[in-house]
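Chemist: sequence unknown, structure follows:
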């Protein structure tokens, strides 16, 4: 008895929210208690099953086997729960059975009004104009950041250009120094070649000594004794000067002694030959002298090669035999 009284007291203490269907949110009409302990009103349960869903709409527990057995045994309706709901809220149950689903109780109206006010209440998230100010500040910050980034890129590009220009200038300076160095070396080589050419010509035209061996006998040196350098002056063509002989002196010349006349004739013939030569004849004689000197220089060079020794000795013998 005591347990029944306690359970009845607990049932009386249940609130309206606990006796509402979680799907339609109205009072439970013919409640159906699922195996997962969730409660649904009979209309909502039938709609759920008709749609082909054999799971609990709240926890998705499978109820197909239980539904088939409960329907067969006619135990879908929870009679105890249904009696308890009718006992606690008879008026609401009757209105629901009559099809009057509109709420007319003052308490329910107040509750609904509070709910509507909560949903319709305007919540002020910010002051008027605050969002625009924040937006403009953000835009300015982004513009400033973009400008700073652009300025840094320009500075970096300018620095890179300056670096490239300095590298190009250094490269140009290095090339100029190298060209100057090469020019100086070429000048020195040209001077050395010109000096060697002059010395060779002087060695050809001036008297020289034969090559001598060193103390070791491995190398030879030409010891040439040079005199004053040759001074080549431009030669001008000359005309033959024919002496004028007067008639008054002809008798005196014929009376001279034969020896004296012979000497005078020899001297006069030499002078006439030297004076009477043309420019072409002088050039021809000069060329013959040069040819002789070059031949002598070649012979001396061959002698030097024989003293030094050569890899191709046969060619030297052959050349000497030809000459």
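Modeler: Right, received. Where do you want to start? All of these numbers come straight from a predicted model, not from anything done at the bench.

Chemist: Give the residue spans of this protein that score low on pLDDT.
Modeler: Scanning the chain for pLDDT under 70 picks out 1-14, 101-122, 202-277, 301-323.

Chemist: quick check: longest helix of it.
Modeler: helix 130-205 (DSSP state H).

Chemist: And that helix, what does it pack against?
Modeler: Contacts defined by 3 or more CB pairs under 8 Å, 6 or more residues apart in numbering; DSSP states H and E place helix 130-205 against helix 279-308. Quick note: C-beta positions are derived from backbone N, CA and C, even for glycine.

Chemist: Who are the packing partners of the helix it packs on?
Modeler: helix 130-205, strand 220-221, helix 313-322.

Chemist: Can you get me a residue count around residue 16?
Modeler: Residue 16: 14 surrounding residues under other CB atoms under 10 Å.

Chemist: For it, which residues are in contact?
Modeler: By CB atoms under 8 Å, 6 or more residues apart in numbering, the contact set of residue 16 is 27, 89, 92.

Chemist: Strands - which of those residues land there?
Modeler: Using DSSP state E, no member of those sits in strands.

Chemist: between those residues, which is nearest residue 293?
Modeler: Nearest to residue 293, judged by CB to CB, of the contacts of residue 16 is residue 27 at 146.3 Å.

Chemist: Tally up the residues packed near the nearest residue to the closest one once chain neighbours are set aside, please.
Modeler: Distances taken as CB to CB, 6 or more residues apart in numbering put residue 92 closest to residue 27, at 4.6 Å, once the chain neighbours are dropped. Residue 92 has 23 neighbours, counted by other CB under 10 Å.

Chemist: Could you do residue 24 as well?
Modeler: 16.

Chemist: Now it. Nearest residue, chain neighbours left out?
Modeler: According to CB to CB, 6+ apart, the nearest residue to residue 24 is residue 44 (5.6 Å).

Chemist: Could you list which residues are in contact with the one you found?
Modeler: Contacts of residue 44 (CB under 8 Å, 6+ apart): 21, 23, 24.

Chemist: returning to that earlier point: JSON lines for the helices and strands packed on helix 279-308, including mean neighbour count?
Modeler: Output for those, formatted as JSON lines (neighbours: other CB atoms under 10 Å):
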{"stretch": "helix 130-205", "mean neighbour count": "11"}
{"stretch": "strand 220-221", "mean neighbour count": "14"}
{"stretch": "helix 313-322", "mean neighbour count": "10"}
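
Chemist: any chance of these in JSON lines, plus distance to residue 16?
Modeler: Listed next are these as JSON lines, based on distance: least, CB to CB, whole Å:
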{"stretch": "helix 130-205", "distance to residue 16": "42"}
{"stretch": "strand 220-221", "distance to residue 16": "137"}
{"stretch": "helix 313-322", "distance to residue 16": "135"}
